[in-house]
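> Sequence unavailable; structure follows:
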């Protein structure tokens, strides 16, 4: 599934009252192309909110599902996807030791991101640029696709911690 589909599924499985206490955070900004715009920053729990006791189990399930959706891919899958990207893009010539080190470093960093997000970013990167990406380019795209999920997970965990034992 594409990251947007995973996020939509996770959102659909939230506790029923989550829309009243899980609030999106946006930042106002201006751009040269579009003028004023809002950028999604993350989620937060509305102040003073108490999750109904009847929804604690649903909240726990939502947290578990979000954690699973944030789990990284196995290193061998990441390495294979990086090798495929390397074949599909142009890059400066490197000897095999440099290339192995490059792939290992990228794979280690990509192991900090959700598996489906990494797969999507690596699978589509050659359509974004014909050049091998600098880490920053990948990181920006990874953050774009993972932000909703990661910040929603943090907000759900915050909500769970606020429930008296």
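Yep, that arrived. What you are looking at is a predicted structure, and each value in this text was computed from that prediction instead of being measured. Residues are numbered from 1 along each chain as shown.
> Pass me the low-pLDDT residue ranges in this protein, would you?
Along the chain, no part satisfies pLDDT under 70.
> Repeat the analysis, applying 80 as the threshold.
For the chain, applying pLDDT under 80 flags the ranges 31-35, 93-97, 164-165.
> Go ahead and flag the most central residue of it.
Closest to where the C-alpha atoms of the chain average out (C-alpha atoms, centre = their mean) is residue 146, at 1.4 Å.
> tell me the contacts of the residue lying closest to residue 71 once chain neighbours are set aside?
Using C-beta to C-beta, 6 or more residues apart in numbering and skipping the chain neighbours, the partner closest in space to residue 71 is residue 115 (6.2 Å). C-betas here are computed from N, CA, C, even on glycine. Residue 115 sits next to 71-73, 77 when contact means C-beta atoms under 8 Å, 6 or more residues apart in numbering.
> Who are the packing partners of the top helix by length along the chain?
In the chain, taking DSSP state H as the definition, the longest helix is helix 135-161. If contacts are counted by 3 or more C-beta pairs under 8 Å, 6 or more residues apart in numbering; DSSP states H and E, helix 135-161 sits against helix 3-12, strand 22-31, strand 35-45, helix 56-69, helix 96-110, helix 115-128.
> what's the closest of these to residue 134?
Residue 134 lies closest to helix 96-110 among the helices and strands packed on helix 135-161, at 10.4 Å (C-beta to C-beta).
> List the buried residues in that closest one.
102-103, 106-107, 110 (16 or more other C-beta atoms under 10 Å).
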